[in-house]
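# Task: produce atomic coordinates for the following.
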Amino acid sequence: MSASQSHADRSLAIADLTGEYRARRTTPLELVELLLERIAALRDRGIWISQLTPERVLEQARALCERDPASLPLYGIPFAIKDNIDLAGTPTTAGCPAFAYTPAQSAFVVQRLIDAGAIPIGKTNLDQFATGLVGTRSPYGVCHNSFDPEYISGGSSSGSAVAVAMGLASFALGTDTAGSGRIPAAFNNLIGLKPTLGRLSTGGVVPACRTLDAVSIFALSAEDAARVCRLAEGFDEAEPYSRRLSAPAREAPSSGPFQFGVPRPEQLRFFGNDEYPRLFDAAITRFEALGGQRVPIDFAPFIEAGQLLYEGPWVAERFIVIESLLRRQADAVYPVTRQIIEAGASSSASQAFRALYRLQELRRASERLWNQIDVLLTPTAGTIYRIAEVEADPVRLNSRLGYYTNCVNLLDLAAVAVPAGFNAAGLPFGVTLMAPAWSDFMLLALAARLQRATAARQGALRCSVPQEPDFDWSTGADRIAVAVCGAHLSGLPLNYQLRERGAVLLERTQTAAHYRLYALPGGPPYRPGLVRVAPEAAGVPIEVEVWSVPRAAFGGFVAAIPAPLGIGKVELADGREVSGFLCEGHAIARGAEDISHLGGWRSYLAQRV
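Just a heads-up that it's a prediction; the model follows:
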């Protein structure tokens with residue numbers, strides 16, 4: 001039995017805690033005091049490298065108690081941080097005491113989450129320098145599986161996963177270069193989001209392979225992972241590998257039929273595990289029951305790409321990170337970790353370019369598959385091992401665990417690990433959903449459906465799966481995306497009405513090409529009227545901004561909108577529909593000026609001036 005079951009009276013799911021806070025049934029201070037008691041009772045599980053002092057955690061909780069629980073999207077939500085990610089004033093070790101330093105500022109994503117009201121609890125154990133998928137390669141001790149301490153927890157983000165699974169945090173940050181955010185999720189019955197590369201900044205993260213690293217999220221539900229991702233993401237100008245957010249290449253099949261790929265039977269590997277094939281077949285059946293159509297695909301390009309990660313020149317990236325430490329104090333590095341990383345010292349430029357050429361060929365081969373399928377479904381891992389087995393054969397067994405995961409970042413895919421059942425011994429089994437870059441929220445929407453289908457089949461998962469039928473997948477939170485086209489645009493007179501309600505700008509874009517824009521009589525402030533025209537009429541794309549408005553503040557925002565304007569559904573240029581300002585048709589006949597040819601309200605104002 002996992003520890004989270006013994007504390008069933010206090011769900012740490014974000015929606016549940018938020019509801020408790022807003023109803024004044026508990027406070028962040030009360031929650032933190034409970035968590036400190038839980039943590040003290042689980043000191044022998046190898047979860048933490050360092051914890052914030054009780055005084056520091058309690059101080060953060062007290063400060064929040066002075067604020068309105070509705071004022072911050074992650075108000076009072078406790079989280080854990082893998083100890084290769086910076087938290088200001090707390091040592092970062094990357095699992096190596098000789099490497100440790102104390103940062104003056106937090107990593108980009110950590111600071112965004114703290115600013116949103118989340119409370120950091122401590123720094124978690126990991127496979128040293130994020131090199132491993134097992135959770136046993138740490139001088140700070142082995143991190144034990146949350147369901148059976150004889151089994152591995154998975155790595156390298158072992159402590160982060162176990163902290164969430166044992167009820168010590170609502171979510172946790174890890175990193176994922178080769179599967180480190182997915183394997184521990186599968187072995188501990190969690191959602192593990194491996195976002196699109198660069199979606200979450202790696203600024204303030206100790207690199208493993210800098211070109212392939214991703215900050216990952218462990219959560220109890222897909223909705224919670226989406227909430228955290230939306231608040232942590234954003235372009236970081238100081239981090240060269242941060243990427244500006246991009247629209248997904250395809251519609252999210254959050255309901256209705258979809259096509260999912262599965263590797264051909266001869267390409268599935270379970271490494272002697274007799275139960276995992278049955279559990280994977282059951283997951284496929286549930287996916288089909290949700291409206292999915294199975295499409296067997298050739299998994300060979302994914303397998304070969306995955307082999308490049310450790311058999312190719314990318315190991316040299318790991319060597320670069322700790323080269324000076326290896327030359328100065330080689331025995332400070334865990335023996336197996338040193339054996340793997342030192343191999344990167346001999347890579348040549350010609351080897352690197354040959355590998356890059358081959359990887360590009362494999363990317364092109366894998367790209368063709370996405371014309372046939374919306375998502376790829378695989379086991380997260382082909383098997384699970386006891387700690388003793390891994391310690392007796394650390395390299396070979398670790399390599400097996402990466403069979404389905406190593407390829408993902410090399411091929412620039414997003415991926416979500418999803419709980420999918422239990423074996424006869426009560427250990428979790430998980431599957432992974434993959435799709436091209438920027439499909440993160442499409443994958444999370446599907447993951448939510450699959451997670452609930454699994455829970456319904458088994459009665460209950462061993463973690464909270466809150467029912468949130470109105471969850472807004474376009475924003476990834478209890479927030480609503482709103483398209484604005486006039487005085488609510490950034491820098492214009494009514495924009496404050498969004499900002500004072502806690503709204504944040506998601507993107508600047510255009511509508512689909514079947515709208516017309518009118519300047520309505522009256523003012524100031526001058527107001528536009530956006531009108532959708534019939535398919536046969538001449539519409540044009542109109543400039544809009546999409547803002548994310550807290551659901552709790554949305555009603556008040558809408559109530560302040562004067563006639564003839566209102567909120568309806570606006571179709572964007574990429575086909576998405578979001579809530580947005582529309583104008584009643586009768587108002588157009590009362591002296592409104594058609595300004596559609598200008599393409600947007602800012603252009604009209606510039607011309608008017």
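
# Please make it C-alpha for all contacts and neighbour counts, starting now.
Noted.

# and stretch 329-337, average pLDDT?
Throughout stretch 329-337, pLDDT has a mean value of 92.

# same deal with stretch 415-428?
Per-residue scores along stretch 415-428 average to 96.

# thinking in terms of the whole chain, how far from its middle is that stretch?
Stretch 415-428 sits 19 Å away from the centroid of its parent chain (C-alpha atoms, centre = their mean, to the nearest Å).

# Equivalent analysis for stretch 335-348, please.
For stretch 335-348, the distance to the chain centre is 30 Å (C-alpha atoms, centre = their mean).

# Contacts only, for the residue lying closest to residue 112 once chain neighbours are set aside.
Nearest non-adjacent residue to residue 112, counting by C-alpha to C-alpha, 6 or more residues apart in numbering: residue 232, 5.6 Å away. Taking C-alpha atoms under 8 Å, 6 or more residues apart in numbering, we find residue 232 in contact with 109, 110, 112, 113, 200.

# Could you work out the most separated pair of those?
Greatest spacing in these, by C-alpha to C-alpha: 113 and 200 (11.6 Å).

# who has more neighbours, these two?
Looking at residue 113 and residue 200 with other C-alpha atoms under 10 Å, you find the greater number of neighbours at residue 200, namely 27 against 22.

# any idea how far residue 430 is from that one?
24 Å (C-alpha to C-alpha, to the nearest Å).

# Same question for residue 374.
Taken as C-alpha to C-alpha, the span from residue 374 to residue 430 is 20 Å.

# ok so, going back, would you reformat the contacts of residue 232 as TSV and include pLDDT and secondary structure?
Shown next, in TSV, are the contacts of residue 232 (pLDDT from 0 to 100; DSSP: H, G, I helix; E, B strand; the rest coil):
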residue	pLDDT	secondary structure
109	98	helix
110	98	helix
112	95	helix
113	97	helix
200	98	coil
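
# I figured residue 486 hits residue 599, correct?
No. Using C-alpha atoms under 8 Å as the test, residue 486 is too far from residue 599 to be in contact (11.8 Å).

# higher neighbour count, the two?
For residue 486 versus residue 599, neighbours defined as other C-alpha under 10 Å are more numerous around residue 486 (28 against 17).

# so what pLDDT did residue 476 get?
58.

# wait, residue 251
Looking at residue 251, the pLDDT reads 55.

# Can you point out the buried residues in the host helix or strand of residue 571?
For residue 571, the element it lies in under DSSP states H and E is strand 565-571. Across strand 565-571, burial judged by 16 or more other C-alpha atoms under 10 Å covers 565, 566, 567, 570, 571.

# Can you name the element that comes right after it?
Following strand 565-571 in sequence, per DSSP H and E, is strand 577-583.

# just checking, what packs against that following strand?
Contacts defined by 3 or more C-alpha pairs under 8 Å, 6 or more residues apart in numbering; DSSP states H and E place strand 577-583 against strand 479-484, strand 528-532, strand 565-571.

# which residues make contact with that strand from outside it?
474, 480-485, 529-532, 564-572.

# Is there a neighbour count for the closest residue to residue 184 other than its chain neighbours? I'd like the number.
Distances taken as C-alpha to C-alpha, 6+ apart place residue 154 nearest to residue 184, at 4.2 Å, with adjacent residues excluded. Counted by other C-alpha under 10 Å, the residues lying close to residue 154 total 36.

# same check, this time on residue 132
Neighbours of residue 132 (other C-alpha under 10 Å): 29.

# shouldn't it be in contact with residue 155?
Yes. Here residue 132 lies in contact with residue 155, judged by C-alpha under 8 Å, at a distance of 5.8 Å.

# which of the residues in stretch 519-535 are buried?
519, 520, 527, 528, 529, 530, 531, 532.

# least confident pick among the residues you listed?
Out of these, that is residue 527, at 85.

# which non-adjacent residue is nearest it?
That would be residue 520: by C-alpha to C-alpha, 6+ apart, it lies 5.7 Å from residue 527.

# which stretch of helix or strand covers residue 231?
helix 222-232.

# between that helix and strand 479-484, how many degrees?
Taking axes from the mean of the first three to the mean of the last three C-alpha atoms, to 10 degrees, one finds helix 222-232 and strand 479-484 inclined to each other by 50 degrees.

# Past the helix or strand of the chain with the lowest mean pLDDT, which element shows up next along the chain?
For the chain, using mean pLDDT, DSSP states H and E, the weakest element among its helices and strands is strand 504-510, scoring a mean of 77. Following strand 504-510 in sequence order, the next helix or strand is strand 515-519 (DSSP H and E).

# Report the contact partners of residue 130.
Counted by C-alpha under 8 Å, 6+ apart, residue 130 has contacts 84, 94, 155, 156, 157, 175, 180, 208.

# Tell me how far it lies from residue 115.
27 Å.

# Identify, from the buried residues of stretch 519-535, the entry nearest to residue 65.
When the buried residues of stretch 519-535 are compared against residue 65 (criterion: C-alpha to C-alpha), the nearest one is residue 527, at 40.5 Å.

# Which parts of the stretch 151-300 of the chain are strands?
Taking DSSP state E, counting those that start in this stretch as the test, the strands found in the stretch 151-300 of the chain are 171-175, 191-194, 215-219, 258-263, 292-297.

# which ones are touching residue 204?
Counted by C-alpha under 8 Å, 6+ apart, residue 204 has contacts 85, 86, 106, 107, 108.

# any idea how far it is from residue 145?
For residue 204 relative to residue 145 (C-alpha to C-alpha), the value is 28 Å.

# which residues of the stretch 501-609 of the chain score low on pLDDT?
506, 609 (pLDDT under 70).

# Just flag the most distant two among the buried residues of stretch 519-535.
Maximum distance among the buried residues of stretch 519-535 (C-alpha to C-alpha): 16.6 Å, for 527 and 532.

# returning to what we had before: looking at the contacts of residue 204, which one is closest to residue 188?
Nearest to residue 188 among the contacts of residue 204, with distances taken as C-alpha to C-alpha, is residue 85, at 21.3 Å.

# ok, now how distant is the closest one from residue 123?
Taking C-alpha to C-alpha, one finds residue 85 at 8 Å from residue 123.

# Residue 49 too?
In terms of C-alpha to C-alpha, residue 49 sits 6 Å off from residue 123.

# Over to residue 542?
47 Å.

# what are the bridge partners for the closest residue to residue 434 other than its chain neighbours, then?
Using C-alpha to C-alpha, 6+ apart and skipping residues adjacent in sequence, the residue nearest residue 434 is residue 415, 4.4 Å away. Beta-bridge partners recorded for residue 415 (DSSP bridges): residue 194, residue 434.

# Residue 415 touches residue 431, doesn't it?
No. Look at residue 415 against residue 431 with C-alpha under 8 Å: they stay out of range, at 10.3 Å.

# Kind regards, and thank you for your time.
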